[in-house]
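[1] All I have is the shape, not the residue letters:
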């Protein structure tokens, strides 16, 4: 089977976990991934999709004019390279099944050309409409439009039309060109989402499978923490903060707000700076603060008291699985959706938009989150019982 993913670490890690899980059970698996994801891909058969999402995402808030230039100079060329590479690498591998991220827009055509099943994988439900909530990441995500919620899913589908010409150019590599075969309809959709965090909407069709999160268990691709970092987190009540690949705004101001809020509650702070979303001047540090560029959250969070994070789908599931309450500071796309969802099920404080992050808002939010620890632990126990990888592989092998 050919697995094709796109996006940042939160999109690559679950695909890598599934690729490793399937390969360990004797399946022939190749994984197409973006460059520089930061995910441990050791032991996997991987190919590059020739795109670096560090570059595509930019470095912060963009004016409309700058955004247009960035699209032309980075996003457009990056997507063209990725879409072409996905076709080329899938044809070279000649799989019996194609599983892909929604951004791999050439997957339907290449699966159709090969005559093999195609399966869509979602970690945020943006491609599968429902009447129960608006499309995550869309302009109406904070509103319940009732029976009109389904209409909001036209917005993410419309975004794909921006790359229609790139899809057609990439598919000229297919035997006989794009016109030689009809794009393969999706045989199934795998939602790598915990039903503890998002109960299954009643109007999803039967071909949509809510599998639970795709999480690498210890000893099967899960990264081990640096001993010094693990010792720090275990050394006393600790707040763990990360904003992943989010770098808009002032990362130093955010770092100071996080540390001040932790100190207000007698907590130590582990700041994971990621792609630049957090930083802290040396003068503001102390023995109660450790700043690291990256860390395996899944291994560290069970020893933490609370987490402050951006609400990306991967981080949301890692925090929930650890049984740790949190404060979500959403930046964009699906993050406001997850922030509200975690608050709704009682395992996070009300989300704080990143532009409003300050000690005045974060100190009470951390206190609120700490009071939710018992509920977070209950949800965490239930999430840890899920068998997301096994369920996903069972669906794929049953097609």
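    Happy to help now that I have it. Just so you know, these numbers come straight off a predicted model, no measurement behind them. Numbering: from 1, shown residues only.

[2] nearest spatial neighbour of residue 95, skipping sequence neighbours?
    residue 2 (3.9 Å; C-beta to C-beta, 6 or more residues apart in numbering). (Each C-beta comes from the backbone N, C-alpha and C, glycine too.)

[3] That neighbour contacts residue 27, correct?
    No - judged on C-beta atoms under 8 Å, residue 2 makes no contact with residue 27 at a distance of 11.2 Å.

[4] ok, those two, which is more surrounded?
    The neighbour comparison of residue 2 against residue 27 (other C-beta atoms under 10 Å) goes to residue 2, with 29 against 15.

[5] Distance of the more buried one relative to residue 186?
    Going from residue 2 to residue 186 by C-beta to C-beta, to the nearest Å gives 15 Å.

[6] hang on, the earlier thing: any idea how far residue 271 is from the residue nearest to residue 95?
    Distance from residue 2 to residue 271, by C-beta to C-beta: 38 Å.

[7] Can you read off the pLDDT for the spatially closest residue to residue 118 that is not a sequence neighbour?
    Among residues not flanking residue 118 along the chain, residue 111 sits closest, at 3.7 Å (C-beta to C-beta, 6+ apart). Here the pLDDT value assigned to residue 111 is 95.

[8] wait, residue 111 sits on residue 184?
    Yes - the pair residue 111 / residue 184 is scored as a contact, 3.9 Å apart, by C-beta under 8 Å.

[9] hmm, who's touching the helix or strand containing residue 343?
    Using DSSP states H and E, residue 343 maps to helix 335-344. When contacts are defined by C-beta atoms under 8 Å, 6 or more residues apart in numbering, helix 335-344 is touched by residues 124, 133, 136-137, 141-142, 197-198, 310-313, 316, 320, 326, 328-330, 348-351, 353.

[10] quick one: contacts for the residue in the chain sticking out farthest from the centre?
    Residue farthest from the centre of the chain, counting by C-alpha atoms, centre = their mean, is residue 176 at 35.7 Å. Applying C-beta under 8 Å, 6+ apart to residue 176 gives the contacts residue 113.

[11] so residue 286 is in which element?
    Counting by DSSP H and E, residue 286 is found in no helix or strand.

[12] What is the burial count for it?
    10.

[13] Which residues belonging to stretch 257-274 are considered buried?
    257-263, 267-274 (16 or more other C-beta atoms under 10 Å).

[14] how long is that stretch end to end?
    One end of stretch 257-274 sits 17 Å from the other (C-alpha to C-alpha, to the nearest Å).

[15] tell me the mean pLDDT for that stretch?
    94.

[16] Distance from it to the middle of the chain?
    Distance of stretch 257-274 from the chain centroid (C-alpha atoms, centre = their mean, to the nearest Å) equals 24 Å.

[17] for the protein, where's the lowest mean pLDDT among helices and strands?
    helix 64-70 (a mean of 66; mean pLDDT, DSSP states H and E).

[18] buried stuff in the longest helix belonging to the chain?
    Counting residues, the longest helix in the chain under DSSP state H turns out to be helix 76-93. Using 16+ other C-beta under 10 Å as the test for burial, helix 76-93 gives 76-91, 93.

[19] neighbouring contacts of it?
    2, 4, 6, 30, 32, 34, 47-53, 55-56, 98, 100, 103-107, 109-111, 113-114, 163, 166-167, 169-171, 173-174.

[20] Tell me which of those residues fall in helices.
    Per DSSP H, the contacts of helix 76-93 map to helices at 53, 55-56, 107, 109-111, 113-114, 166-167, 169-170.

[21] so which of those residues comes closest to residue 369?
    Comparing the ones in helices among the contacts of helix 76-93 against residue 369 with C-beta to C-beta places residue 53 closest, at 29.4 Å.

[22] Might you report the residue contacts of that closest one?
    6, 7, 8, 34, 36, 37, 78, 245.

[23] one more time with 6 Å
    8, 34 (C-beta atoms under 6 Å, 6 or more residues apart in numbering).

[24] I'd like the distance from it to residue 255, if you could.
    Counting by C-beta to C-beta - residue 53 and residue 255 are separated by 23 Å.

[25] likewise residue 321?
    Counting by C-beta to C-beta, the gap from residue 321 to residue 255 is 26 Å.

[26] So the residue farthest from the centre of the chain lies in a helix, does it not?
    No - residue state for residue 176 (DSSP: H, G, I helix; E, B strand; the rest coil) corresponds to coil; a helix is not indicated.

[27] angle of the longest helix of the chain against helix 107-114?
    30 degrees (axes from the mean of the first three to the mean of the last three C-alpha atoms, to 10 degrees).

[28] What average pLDDT does helix 76-93 get?
    Mean predicted lDDT for helix 76-93 stands at 92.

[29] Could you give the separation of it from the chain centroid?
    Worked out by C-alpha atoms, centre = their mean, helix 76-93 lies 21 Å from the chain centre.

[30] Kindly indicate which of the buried residues of stretch 257-274 lies nearest residue 202.
    Distance to residue 202 across these (C-beta to C-beta) is lowest for residue 274, with 36.9 Å.

[31] The closest one reaches residue 244, doesn't it?
    Yes - the pair residue 274 / residue 244 is scored as a contact, 5.0 Å apart, by C-beta atoms under 6 Å.

[32] all helices of the stretch 251-399 of the chain, in order?
    251-264, 297-300, 313-322, 335-344, 359-370, 373-384, 388-397 (DSSP state H, counting those that start in this stretch).

[33] Could you pull up the contacting residues of residue 190?
    121, 209, 211, 392.
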